[in-house]
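# Everything below, folded, please.
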Amino acid sequence: MAAELYPAAKKAAPVSSQTSSSSSSSSSSAVQQYQQQNISNNNTIQGCNWQGLYPTIRERNSVMFNNELMADVHFVVGPPGATQRVPGHKYVLAVGSSVFHAMFYGELAEDKDEIRIPDVEPPSFLAMLKYIYCDEIDLCADTVLATLYAAKKYIVPHLARACVSFLETSLSARNACVLLSQSCLFEEPELTQRCWEVIDAQAELALRSEGFCDIDAPTLESILRRETLNAKETAVFDAALRWAEAECGRKGAQPSAENVREALGEALYLIRVPAMPLDDFANGPAQSGVLTLAETNDVFLWHTAARKPALRFAQEPRAGLAPQRCHRFQSCAYRSNQWRYRGRCDSIQFAVDRRVFVAGFGLYGSSCGSAEYSARIELKRQGATLGAAVAKYFSDGSSSTFPVWFEHPVQIEPDTFHTASVVLDGNELSYFGQEGMTEVQCGKVTFQFQCSSDSTNGTGVQGGQIPELIFYA
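Modelled structure (predicted):
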């Protein structure tokens, strides 16, 4: 499952936690060498007095990780045909997990030399043992969900929290729907809330993700019910059909219109079909074959007739999310010889203290009557483009700001500076901002601003263009 969440299949940097600060670099290196060997091999230490090589209990304990030496229990981990035999030491395991303590020392303690664990993947079981033996957390994108399952099953709470934190950091529209399903299964309300934040703000991207087709039916229904989805209803309908087609495949059925409708069941009526523009309905759901002829006819009448028929579909448009605006100037002005563009770039850097989704910029317009502008806007992080758009907007000659939107909101991670840029083409004389602020509080989000080296037209923290960032939080 985790591999589907991260199709790039790149391993993240290990997340490490160590409690000892007195170990020498040489002994630590030796311990790490043993750990690396023991991940795939059950090594027995050669020679006597090996304990003298390691000055701390943690280091000596770490040498026992996945080691046959003094092992008094073995686990056969993984599903049939893909098992791995892992040695263990009851005392160490019992100290690290209340489940292992009950298993080995409780009233109903098992007296088996070999314990089968078919529902945990070997790499995730080893990741859990590495934490128990070595006090180190080593997570990667491919196995983090399975490691969370193991940590939950054996009640290793600190490891479980680290897995959740890793998943929150890795959260994006690509994997939010699957992680929503898993967070509900694992009863992680904070992760669930983070998933909803991403799904609401980047709904159309989340609905088009491959992972959306892998969610279970209850999660599908919770998404279709969502009032704050920031998506066109046609995108919701198309996503529901793709999920139903995938469900047909899982059940071994052909993805015919009849089978797709059966797969959706009552969830079909959670799609707000009457809220679609009539053209969208006529060119989409009306021709999909999923709706009955009577339902199609009733929706057309609902749009056009004075006497509207009763419908089973939810009818009110979704509220979506209300965009917020971060205004970085305390005043604006114009002069007879400013602001001119000449194809130059106005740019500013900003950082936030929590994840937000930038939907667009608020821009100034003409200071000498109405005018039309063409704007090329861009968001970058460390030189990589995260979002870009070209749009036109009409300025009425006032000092108001005018929104220019990205096609999809851009996810902005906290504590990292991003670059907002615009190249404007239009009336050469426009309003510009003054008395700029280096820090702006917008609700629960704090924005920090600094000058950008990409700015070639005079915009900086104190004054210039890009007065507003439009965002969801």
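# could you pull out the strands for the stretch 51-200 of the chain?
73-77, 84-88, 114-117 (DSSP state E, counting those that start in this stretch).
# and the shortest one, which strands flank it?
Paired with strand 114-117 in the same sheet, following DSSP bridges, are strand 73-77 (parallel).
# Show me what counts as buried in the strand it pairs with.
Buried residues in strand 73-77, counted by 16 or more other CB atoms under 10 Å: 73, 74, 75, 77. (Each C-beta comes from the backbone N, C-alpha and C, glycine too.)
# Would you confirm that the third one contacts residue 115?
Going back to what we said before, that points to residue 75. Yes: if you go by CB atoms under 8 Å, residue 75 and residue 115 touch, sitting 5.2 Å apart.
# quick one: low-confidence ranges for this protein?
1-48, 336-337 (pLDDT under 70).
# quick one: residue 137 from residue 71, how far?
Noted for residue 137: a distance of 23 Å to residue 71, by CB to CB, to the nearest Å.
# ok so, going back, would you turn the strands of the stretch 51-200 of the chain into JSON lines with distance to residue 130?
Output for the strands of the stretch 51-200 of the chain, formatted as JSON lines (distance: least, CB to CB, whole Å):
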{"stretch": "strand 73-77", "distance to residue 130": "14"}
{"stretch": "strand 84-88", "distance to residue 130": "11"}
{"stretch": "strand 114-117", "distance to residue 130": "16"}
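# Would you mind saying which of those strands lies nearest residue 433?
strand 73-77 (60.8 Å; CB to CB).
# roughly how far is the closest one from the heart of the chain?
35 Å (CA atoms, centre = their mean, to the nearest Å).
# swap in stretch 317-335?
25 Å.
# Please give the number of neighbouring residues around residue 292.
Residue 292 has 10 neighbours, counted by other CB atoms under 10 Å.
# My error: substitute residue 467 in the last question.
For residue 467, using other CB under 10 Å, the count is 24.
# neighbour count winner among residue 137 and residue 71?
Taking other CB under 10 Å, residue 137 and residue 71 do not tie; residue 137 has more neighbours (23 against 17).
# measure the most centrally placed residue in the chain to residue 428 for me?
Geometric centre of the chain, nearest residue: residue 171, 1.9 Å, by CA atoms, centre = their mean. Separation of residue 171 from residue 428 (CB to CB) stands at 44 Å.
# Three-state assignment for residue 320, please.
coil (DSSP: H, G, I helix; E, B strand; the rest coil).
# That one: what's its closest spatial neighbour, skipping adjacent residues?
Excluding its sequence neighbours, the residue lying closest to residue 320 (CB to CB, 6 or more residues apart in numbering) is residue 230, at 4.9 Å.
# Wasn't that neighbour part of a helix?
No: using three-state DSSP, the secondary structure at residue 230 is coil, not a helix.
# what number of residues lie near it?
Residue 230 - counted by other CB under 10 Å - has 23 other residues nearby.
# if I look at it, how far off is residue 254?
With CB to CB as the criterion, residue 230 and residue 254 are 34 Å apart.
# repeat for residue 358
For residue 358, the distance to residue 254 - CB to CB - is 43 Å.
# for residue 445, same thing?
Residue 445 is 48 Å from residue 254, by CB to CB.
# So which of those two has more stuff around it?
Taking neighbours as other CB under 10 Å, residue 445 and residue 254 compare with residue 445 leading, 18 against 10.
# so what's the more buried one bridging to?
Under DSSP bridges, the residues paired with residue 445 across the bridge are residue 442.
# That one against residue 354, yeah?
Yes: using CB under 8 Å, residue 445 is in contact with residue 354, at 5.8 Å.
# what touches both of these two?
Residues touching both residue 445 and residue 354 by CB atoms under 8 Å, 6 or more residues apart in numbering: residue 473.
# Check the secondary structure at residue 373 for me.
strand.
# give the contact list for the closest residue to it other than its chain neighbours.
Spatial nearest neighbour of residue 373, chain neighbours left out: residue 426 (3.5 Å); criterion: CB to CB, 6+ apart. By CB under 8 Å, 6+ apart, residue 426 lies in contact with 341, 365, 366, 371, 372, 373, 374, 395.
# mind redoing it with 10 Å?
Shown in contact with residue 426 (CB atoms under 10 Å, 6 or more residues apart in numbering): 341, 365, 366, 371, 372, 373, 374, 375, 392, 393, 394, 395.
# now swap in residue 373 and tell me
Going by CB under 10 Å, 6+ apart, residue 373 touches 341, 363-366, 391-395, 402, 404, 422, 424-427, 430.
# Please pick the buried ones from these.
Buried subset of the contacts of residue 373 (neighbour count, 16+ other CB under 10 Å): 341, 363-366, 391, 393, 395, 402, 404, 422, 424, 426-427, 430.
# Quick check: the residue nearest to the centre of the chain vs residue 316, distance?
Per CB to CB, residue 171 is found 29 Å from residue 316.
# same deal with residue 251?
33 Å.
# Against which helices or strands is the longest helix along the chain packed?
Longest helix of the chain, by residue count under DSSP state H: helix 233-250. On a contact count with 3 or more CB pairs under 10 Å, 6 or more residues apart in numbering; DSSP states H and E, helix 233-250 meets helix 203-208, helix 217-225, helix 257-264, helix 278-283.
# Quick check: bridge partners of residue 331?
Here residue 331 sits in beta bridges with residue 434, as judged by DSSP bridges.
# State the distance from it to residue 433.
Residue 331 is 7 Å from residue 433, by CB to CB.
# shared neighbours of those two, which are they?
399, 463.
# Would you mind telling me which of those two has the busier surroundings?
residue 433 (24 against 10).
# any idea where the strands of the stretch 301-450 of the chain begin and end?
324-327, 329-333, 345-352, 356-363, 371-381, 384-395, 402-412, 418-425, 432-436, 439-442, 445-451.
# and those, which is most packed in?
Highest mean neighbour count among the strands of the stretch 301-450 of the chain (mean count of other CB atoms under 10 Å): strand 356-363, with a mean of 24.
# now the angle from it to strand 345-352?
Strand 356-363 runs at 150 degrees relative to strand 345-352, counting by axes from the mean of the first three to the mean of the last three CA atoms, to 10 degrees.
# Please save the CA atoms from strand 356-363 in PDB.
Presented in PDB, the C-alpha positions along strand 356-363 are these (Å, rounded to 0.1, in the frame of the first residue of the first chain):
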ATOM      1  CA  VAL A 356      -1.000  26.600   3.600                       C
ATOM      2  CA  PHE A 357      -2.200  26.400   0.000                       C
ATOM      3  CA  VAL A 358      -1.600  29.500  -2.100                       C
ATOM      4  CA  ALA A 359      -4.400  29.900  -4.600                       C
ATOM      5  CA  GLY A 360      -3.200  33.100  -6.300                       C
ATOM      6  CA  PHE A 361      -2.000  36.700  -5.900                       C
ATOM      7  CA  GLY A 362      -3.800  40.000  -5.400                       C
ATOM      8  CA  LEU A 363      -2.300  42.500  -7.700                       C
END
